[in-house]
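Chemist: build the 3D model from these lines:
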Amino acid sequence: MPRAVLALGSNIAPAKENIDRAVEALAELGTVKEVAPYIVSKPEGFAEQPDFINTVLILSTPYEPMPLLKKLKALEIKLGRTPTFRNGPRVIDLDILFYDDLVLFQDDDQYPLFIPHPRLQEREFVLKPLSYLLADYVHPKLGKPVYRLYRELMKKKGKPECFIL
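Modeler: Sure thing, here's the model as predicted:
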């Protein structure tokens, strides 16, 4: 069965419980294989909101990428996400980071789908938990292992801004 690597985030209380509920609900879409430690991160873009709780997990799933994305968006709604504004607060956010070794751009009427996620190498809140699960996994587009992407980002940032919960 294909392996999808997903990022999860929440910053509306109770954020940790929202992530826990999402992890449980993802069992409807396949088998959750591993879950990284939860981390706390500052919001990006719009700073006047609570900190985020983030994690990454590996999901073994029978769904192809676009049907999986649509199911993830439906699950966000089921778990209480309502539309806000870009980079605004959210009950839950579910993103596909990787799907096996696939490199894909697909667009339909509702959602653009980029695999690998186009900004994951810029996000400590993704790379830090991802390093716990898949440090040696080579990004299929950038040709670098996750641990190296994380190390390069930390060198650029100078100091960590995300911490294990």
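
Chemist: what's across from the most centrally placed residue in the chain in the sheet?
Modeler: By CA atoms, centre = their mean, the mean C-alpha position of the chain lies nearest to residue 7, the distance being 1.4 Å. Per DSSP bridges, the residues bridged to residue 7 are residue 56, residue 95.

Chemist: what sits against residue 119?
Modeler: Contacts of residue 119 were listed using CB atoms under 8 Å, 6 or more residues apart in numbering, and none were found. C-beta: built from backbone N, CA, C; applies to glycine.

Chemist: switch the cut-off to 10 Å
Modeler: Going by CB atoms under 10 Å, 6 or more residues apart in numbering, residue 119 touches 44, 95, 126.

Chemist: in terms of helices and strands, where is the nearest residue to residue 45 once chain neighbours are set aside?
Modeler: With sequence-adjacent residues excluded and distances taken as CB to CB, 6 or more residues apart in numbering, residue 45 is closest to residue 87, at 3.0 Å. In the assignment (DSSP states H and E), residue 87 maps to no helix and no strand.

Chemist: please shift the residue numbers so they start at 47 in all later answers.
Modeler: Noted, 47 is the first residue going forward, which turns the last one into residue 133.

Chemist: how many other residues sit next to residue 133?
Modeler: By other CB atoms under 10 Å, the residues close to residue 133 number 12.

Chemist: how close does it get to residue 122?
Modeler: Plainly put, residue 133 is 16 Å away from residue 122 if you go by CB to CB, to the nearest Å.

Chemist: ditto for residue 193
Modeler: 29 Å.

Chemist: the two: which is more packed in?
Modeler: residue 122 (18 against 15).

Chemist: by contact count, what packs against whichever strand or helix holds the more buried one?
Modeler: Counting by DSSP H and E, the element that carries residue 122 is helix 111-124. In this structure, helix 111-124 makes packing contacts with strand 49-56, helix 61-71, strand 139-145, strand 150-153, strand 158-161, judged by 3 or more CB pairs under 10 Å, 6 or more residues apart in numbering; DSSP states H and E.

Chemist: which one of those has the poorest average confidence?
Modeler: Ranked on mean pLDDT, the bottom entry among these is strand 150-153, at a mean of 91.

Chemist: from the contact counts, what lies against it?
Modeler: Partner elements for strand 150-153 (3+ CB pairs under 10 Å, 6+ apart): helix 111-124, strand 158-161.
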